[in-house]
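J.: Predicted model, plus sequence, below.
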Amino acid sequence: MEIRQDDPTAPYVAYLLAHHLEELRSVMGEHAQALDASGLSAASVTFWTAWQGDVLAGFGALKQLDETHGEVKSMRAAPTARRSGVGRALLHHIIAEGRKRGYQQLSLETGTAPLHAPAISLYRSAGFVSCEPFADYQASPHNQFMRLDLSK
């Protein structure tokens, strides 16, 4: 699997990003916090794609909140790549990048629907723990917050 920094507005990302946003909105409604291609193109966000050969297997992003705090954004495995390790590879890549940047912590917001159970298990297995809302997020029955201490 190859992970590379990429352009979230690239045509080959469009279908998977649209699927990601549609699926999240279908279960979280107005509480879905996922970024579209424009949001993922912000200067504070680094976007990566994961490839299995010439097939897009997933994507993920890291948003800088401040000099010591990053946010995991838009983790998504393609439906055909689920349970293949793409999510774990992307998450480990993002964590390594956070450490390289000198972040003290990584945070994330995810959902509470059954759809999110595999992601939550992945995050917990990587050491993320539940936390209070961060940045500008507001708690709702549809979302939850996690963080990983990178200072250790």
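T.: Looks like it came in fine. Computed from a predicted structure; not experimentally measured. Residues are numbered from 1 along each chain as shown.

J.: what comes up buried for the lowest-mean-pLDDT helix or strand in the chain?
T.: Scoring the helices and strands of the chain by mean pLDDT, DSSP states H and E places helix 11-28 at the bottom, with a mean of 86. Applying a neighbour-count criterion of 16 or more other CB atoms under 10 Å, one finds 13, 16-17, 20-21, 23-24, 28 buried in helix 11-28. The C-beta positions use only the backbone N, C-alpha and C, and glycine is treated the same way.

J.: Now stretch 138-147: buried residues?
T.: Buried-residue list, stretch 138-147, by 16+ other CB under 10 Å: 142-147.

J.: re earlier: pull the most distant pair out of the buried residues of helix 11-28.
T.: Greatest spatial distance among the buried residues of helix 11-28 (CB to CB): 13 and 28, at 21.1 Å.

J.: distance of residue 87 from residue 136?
T.: The gap separating residue 87 from residue 136 is 26 Å, by CB to CB, to the nearest Å.

J.: These two: who's more crowded?
T.: residue 87 (23 against 7; other CB atoms under 10 Å).

J.: Can you name the helix or strand that that one falls in?
T.: For residue 87, the element it lies in under DSSP states H and E is helix 86-100.

J.: now the angle between helix 11-28 and the helix or strand just after that helix, please.
T.: Past helix 86-100, further along toward the C-terminus, the next helix or strand under DSSP H and E is strand 105-111. Here the directions of strand 105-111 and helix 11-28 differ by 60 degrees (axes from the mean of the first three to the mean of the last three CA atoms, to 10 degrees).

J.: Strand 105-111 pairs with which strands?
T.: Strand 105-111 has these partner strands in its sheet, going by DSSP bridges: strand 69-77 (parallel), strand 143-149 (antiparallel).

J.: model confidence over the longest one, on average?
T.: For strand 69-77, mean pLDDT rounds to 94.

J.: Now find how far off-centre that strand is within its chain.
T.: Here strand 69-77 is found 2 Å from its chain centre; the criterion is CA atoms, centre = their mean, to the nearest Å.
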